[in-house]
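> the sequence and its predicted three-dimensional model are supplied below.
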Amino acid sequence: MTADFHSHILPAFDDGARDTKTALAMIDKSAGMGVDRIVSTSHCYPYSDGDIEEFLDMRSAAFERLKTEAAASGTVLPEIRLGSEVHLTCDLTSLSLIKELCIEGTKYMLLEMPSSKWNDTVIDVVYKLSISGIKPIIAHMERNLGQSAELVNALCDLDVLIQINASSFGIAALKKEIDGMFLRGLIHIIGTDMHNLDTRKPDMDRAEKYIKKRYGTECWEYLMNNAGTILSGGELSYRDIKVFKKKGIFTR
């Protein structure tokens, strides 16, 4: 099983696939890389339950368009789980429908942290989510490494999981940071964050090749096993988290 945990494949919905033809081409390209499970994580900016209701209705309509076009063209879709990339816009636990934004069939939620400077309130919102029964997965954590080290550490101390974009593996400026994250057991899930076929395209094969070469096949299998645990509704515990170094593995 190869799972892509961050994607924008629903047609004409957010800033991802512009139409059903593009969406199906993105999915087909991913399938050619061995991806057989895709978590669809369209952007959601919830400030109220009304925002969530509108998002869910529009997401459902976009997914129906995708399935209809796939059936008409004879395309066999992989397993697609509907979720969202939830932007931390407010105290999310104040919204009664917030759990509807979790990845379908699970308690896990992909959460995008603010790009602006963090403060204690931001960390408190994540904490409140984590004790509300939602398991946050921090989206593309490598984008947040310029934040205050104290607040990044405070975030990592919470009951969260961390997702890294496939395109970030092999970038020279990030090699040392990603090595350090693996050594601390702070990379648990990967996703392509694909939006289109050119500037932000499917690239899971690139990540797989890099990870296996630099950290070993065990590391890749570990990441995919984590994905399987989440999608099956299982519990991914920090007690089971493994840490990796270049061409090596040991358990915390």
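Cool, got the structure. Residues are numbered from 1 along each chain as shown.

> any chance you could map the strands in the stretch 101-250 of the chain?
Using DSSP state E, counting those that start in this stretch, the strands of the stretch 101-250 of the chain run over 108-112, 135-138, 161-165, 189-191, 242-245, 248-251.

> other SSEs contacting the third one?
By that I understand strand 161-165. Secondary-structure packing of strand 161-165 (3 or more Cβ pairs under 8 Å, 6 or more residues apart in numbering; DSSP states H and E): strand 3-7, strand 135-138, helix 175-183, strand 189-191. (Glycine included, C-beta is placed from N, CA and C.)

> hmm, try it at 10 Å
Applying 3 or more Cβ pairs under 10 Å, 6 or more residues apart in numbering; DSSP states H and E, we find strand 161-165 packed against strand 3-7, strand 108-112, strand 135-138, helix 175-183, strand 189-191, helix 204-215, helix 217-231.

> quick check: mean pLDDT of the fourth one?
The average of the pLDDT scores along helix 175-183 is 91.

> now do the buried residues in it.
Judged by neighbour count (16 or more other Cβ atoms under 10 Å), helix 175-183 contains these buried residues: I178, M181, F182.

> got a list of what E64 touches?
L10 (Cβ atoms under 10 Å, 6 or more residues apart in numbering).

> save the strands of the stretch 101-250 of the chain as JSON lines, and put in distance to E53, mean pLDDT and mean neighbour count too.
Converted to JSON lines, the strands of the stretch 101-250 of the chain look like this (distance: least, Cβ to Cβ, whole Å; pLDDT from 0 to 100; neighbours: other Cβ atoms under 10 Å):
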{"stretch": "strand 108-112", "distance to E53": "17", "mean pLDDT": "98", "mean neighbour count": "24"}
{"stretch": "strand 135-138", "distance to E53": "22", "mean pLDDT": "96", "mean neighbour count": "24"}
{"stretch": "strand 161-165", "distance to E53": "26", "mean pLDDT": "96", "mean neighbour count": "24"}
{"stretch": "strand 189-191", "distance to E53": "26", "mean pLDDT": "97", "mean neighbour count": "26"}
{"stretch": "strand 242-245", "distance to E53": "40", "mean pLDDT": "84", "mean neighbour count": "18"}
{"stretch": "strand 248-251", "distance to E53": "44", "mean pLDDT": "54", "mean neighbour count": "11"}
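
> which one, of those strands, ends up nearest to L155?
L155 lies closest, by Cβ to Cβ, to one member of these: strand 135-138, at 7.1 Å.

> low-confidence ranges in the chain?
Counting by pLDDT under 70, the chain shows low-confidence ranges at 238-240, 248-252.
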